[in-house]
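Colleague: sequence first, predicted coordinates after that:
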Amino acid sequence: MGIGRLVIADFDVVEESNLNRQYYFFDQIGKKKSLALKENIRRINPLVEVEAHEIKIIASDVKPLFGVCDVLVEAFDWADQKAMLIETMLEQMPRKPLVVGLGVAGWGAGNAIHCRRIDNLYICGDEISEAGVELPPIAPKVGMVANLQADTVIGILLREFVSL
């Protein structure tokens with residue numbers, strides 16, 4: 001789609017349980033997720049500039065890391081991290097679009113997945129199913145929400161940068 005620069009941040013490492021729903025490979029188990037993802041993006045398109053950070057994001061990191069980005073996409077696992085990012089963005093960068101995934105756990109009910117906009121906050125998912133031991137994130141639903149997030153980002157960028 002012509003996106004030439006990505007800024008990614010993650011503190012975690014690739015685990016075998018990630019392989020069913022995240023874009024990593026078996027030989028990347030144990031690698032830092034941010035570096036493995038940078039490697040995979042480079043394999044897909046070596047012209048994309050990827051700035052990878054190996055950190056667990058806290059509120060004070062958000063603006064320095066992502067202030068230059070046109071759109072921010074959230075892909076955290078935990079509700080407290082999602083809340084921190086939403087609150088920080090609304091406080092520090094309220095004009096910057098933020099696309100979050102909310103309700104990606106389990107399976108089925110694909111027709112409940114939607115995107116809801118509140119000013120510059122775009123919420124993608126079913127907004128109900130929270131991941132946990134009883135209801136793990138599984139590839140089909142995670143993929144549907146992630147693709148809706150990607151589609152939302154493309155729509156934001158096309159409206160902002162292309163005069164139709």
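Modeller: Thanks, I have it.
Colleague: who are the contact partners of Ala59?
Modeller: Contact partners of Ala59, counting by C-beta atoms under 8 Å, 6 or more residues apart in numbering, are Met84, Glu87, Thr88. C-beta here means a position set from N, CA and C on the backbone, and glycine is covered the same way.
Colleague: of those residues, which count as buried by neighbour count?
Modeller: Neighbour counting with 16 or more other C-beta atoms under 10 Å marks Met84, Thr88 as buried within the contacts of Ala59.
Colleague: which of the contacts of Ala59 lies closest to Pro140?
Modeller: Closest approach between these and Pro140, by C-beta to C-beta: Met84, at 27.8 Å.
Colleague: state the pLDDT value of the nearest residue to Val100 once chain neighbours are set aside.
Modeller: Distances taken as C-beta to C-beta, 6 or more residues apart in numbering put Glu74 closest to Val100, at 4.2 Å, once the chain neighbours are dropped. With respect to pLDDT, Glu74 scores 95.
Colleague: residues near Glu74, how many?
Modeller: 20 (other C-beta atoms under 10 Å).
Colleague: reformat the contacts of Ala59 as JSON lines; add pLDDT, distance to Arg42 and secondary structure.
Modeller: Listed next are these as JSON lines, based on pLDDT from 0 to 100; distance: C-beta to C-beta, whole Å; DSSP: H, G, I helix; E, B strand; the rest coil:
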{"residue": "Met84", "pLDDT": "96", "distance to Arg42": "29", "secondary structure": "helix"}
{"residue": "Glu87", "pLDDT": "97", "distance to Arg42": "33", "secondary structure": "helix"}
{"residue": "Thr88", "pLDDT": "97", "distance to Arg42": "29", "secondary structure": "helix"}
